[in-house]
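# When you get a sec, could you give me coordinates for this:
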Amino acid sequence: MRKKPNNKLIGLFIVCGITLFLATVGMFVSEKIMADTKSEVVMYFSESIKGLDVGSPVVFKGVNIGRVSKIDLITDMDDSEFSIPVFVAFNRQNFNPSLPNETRRQILRQLVDKGLRARLNTQNYLTGQLMVELEMMPVDTPAVYRSKDGSIPEIPTVLSPLAELSRGFQEIPLKQTVTRMNKFLDSLNEQVVPKLNTVLEDFAQIPEQTKGIPETLRNIDRAVKEVPDALRSFDRAMTNISGAAKSLNNFADYIERHPEALLKGKGRY
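Just a heads-up that it's a prediction; the model follows:
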């Protein structure tokens with residue numbers, strides 16, 4: 001006859017299995033949390049982070065190296081200033097969590113000294129989602145630390161390209177520029193308009209001054225047409241003068257040879 005199974009023993013076995021499973025999961029989660037905490041850094045932003053959420057990517061040179069793990073808001077009532085600490089967890093393959101804390105801090109400090117800075121940048125222009133971008137800036141870029149206790153490594157931040165552009169527009173003295181432009185236009189109006197009126201008046205007198213031009217052109221045309229006749233008359237006169245000069249020259253030669261002809265006449269010789 002078969003023995004009945006021991007329900008207590010079976011229950012104890014099931015409880016032990018569940019306990020072992022939960023302990024394994026707990027150790028895995030705890031290890032992962034500790035690893036994420038060891039590879040976590042903080043960045044303080046003073047500009048709006050609308051579009052940045054927990055889980056937003058962190059990129060360096062276009063490579064995804066981590067994610068945003070936590071976002072806080074700190075208010076300084078004395079200075080009426082707000083700062084937004086953004087906590088970032090690096091991917092384990094990109095940041096070795098087994099390194100001692102001091103070693104990780106030293107490596108991070110060396111990178112910051114060489115120009116490593118964090119800034120916000122647009123991830124998707126359609127949705128307005130943001131991401132955290134790490135960039136190597138010029139070495140002389142100011143490094144401003146805002147963490148008071150320094151318990152978590154900090155990467156200094158710089159303004160995003162959009163914030164830089166907005167600040168540039170805000171620094172333009174728009175009101176003064178408009179005032180100066182209005183003064184310039186008024187001065188231009190005072191100087192140019194009178195001269196322009198004078199020019200227009202001169203143009204208005206042109207038709208009156210050009211009324212006699214057609215008659216003058218007709219006279220010139222008639223004069224030009226009479227030039228050939230005058231040239232022909234002149235040519236005939238020059239021909240007659242040339243003939244007379246030739247006759248006078250022959251007569252002078254004859255008188256030179258026969259001076260007595262002046263007294264007796266040419267026909268007797």
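
# buried stuff in stretch 135-147?
By neighbour count with 16 or more other C-beta atoms under 10 Å, stretch 135-147 contains the buried residues Ala143. C-betas here are computed from N, CA, C, even on glycine.

# Could you tell me the end-to-end distance of it?
Stretch 135-147 has an end-to-end distance of 20 Å (C-alpha to C-alpha, to the nearest Å).

# per-residue confidence averaged over it?
Averaged across stretch 135-147, pLDDT comes to 88.

# Give me the contact list for it.
Applying C-beta atoms under 8 Å, 6 or more residues apart in numbering, the external contacts of stretch 135-147 come out as 42, 44, 60, 83, 85, 112-119, 154, 156-158.

# Drop anything exposed from the residues you listed.
Buried members of the contacts of stretch 135-147, counted by 16+ other C-beta under 10 Å: 42, 44, 60, 85, 112, 116-119, 154, 156-158.

# So which of those residues sit within strands?
Among those, the residues falling in strands (DSSP state E) are 42, 44, 60, 85, 116-119.

# which of these sit farthest apart?
Comparing every pair within those by C-beta to C-beta identifies Phe60 and Pro85 as the most remote, at 19.8 Å.

# How much space separates Asp53 from Val132?
For Asp53, the distance to Val132 equals 11 Å [C-beta to C-beta, to the nearest Å].

# what's the overlap in contacts for these two?
Counting by C-beta under 8 Å, 6+ apart, the residues touching both Asp53 and Val132 are Val68.

# Give the other helices and strands that the longest helix anywhere in the chain contacts.
Ranked by number of residues, the top helix in the chain under DSSP state H is helix 213-257. In terms of contacts (3 or more C-beta pairs under 8 Å, 6 or more residues apart in numbering; DSSP states H and E), helix 213-257 is packed against helix 261-264.

# For the helix it packs on, the averaged confidence score.
Computed over helix 261-264, the average pLDDT equals 58.

# TSV please, covering the buried ones among the contacts of stretch 135-147 and showing pLDDT.
Listed next are these as TSV, based on pLDDT from 0 to 100:
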residue	pLDDT
Val42	93
Tyr44	93
Phe60	92
Pro85	93
Val112	90
Leu116	93
Arg117	94
Ala118	93
Arg119	93
Glu154	90
Pro156	93
Thr157	92
Val158	91
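
# Show me which pair in the residues you listed is furthest apart.
Set against one another by C-beta to C-beta, the buried ones among the contacts of stretch 135-147 have their most distant pair in Phe60 and Pro85, with a gap of 19.8 Å.

# Dig out what Val41 forms beta bridges with.
Counting by DSSP bridges, Val41 is bridged to Val88.

# Surely it and Pro85 touch.
No: with contact defined as C-beta atoms under 8 Å, Val41 does not reach Pro85; the gap is 10.5 Å.

# Which parts of this protein are helices?
Ranges of helices within the chain are 7-38, 101-113, 161-171, 174-209, 213-257, 261-264, based on DSSP H.

# Can you show me the CA trace of the second one as CSV?
What follows is helix 101-113, C-alpha atoms only, in CSV (Å, rounded to 0.1, in the frame of the first residue of the first chain):
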residue,chain,number,x,y,z
ASN,A,101,35.7,55.5,-6.3
GLU,A,102,38.9,57.6,-5.9
THR,A,103,40.3,56.2,-9.2
ARG,A,104,37.0,57.0,-11.0
ARG,A,105,37.0,60.5,-9.6
GLN,A,106,40.6,61.1,-10.6
ILE,A,107,39.9,59.9,-14.2
LEU,A,108,36.8,62.2,-14.4
ARG,A,109,38.8,65.1,-12.9
GLN,A,110,41.5,64.7,-15.6
LEU,A,111,38.9,64.6,-18.3
VAL,A,112,37.2,67.8,-16.9
ASP,A,113,40.6,69.5,-16.8
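
# any idea of the angle that helix forms with strand 40-45?
Computed with axes from the mean of the first three to the mean of the last three C-alpha atoms, to 10 degrees, the direction of helix 101-113 lies at 40 degrees from that of strand 40-45.

# Flag every buried residue along helix 101-113.
Using 16+ other C-beta under 10 Å as the test for burial, helix 101-113 gives 104-105, 108, 112.
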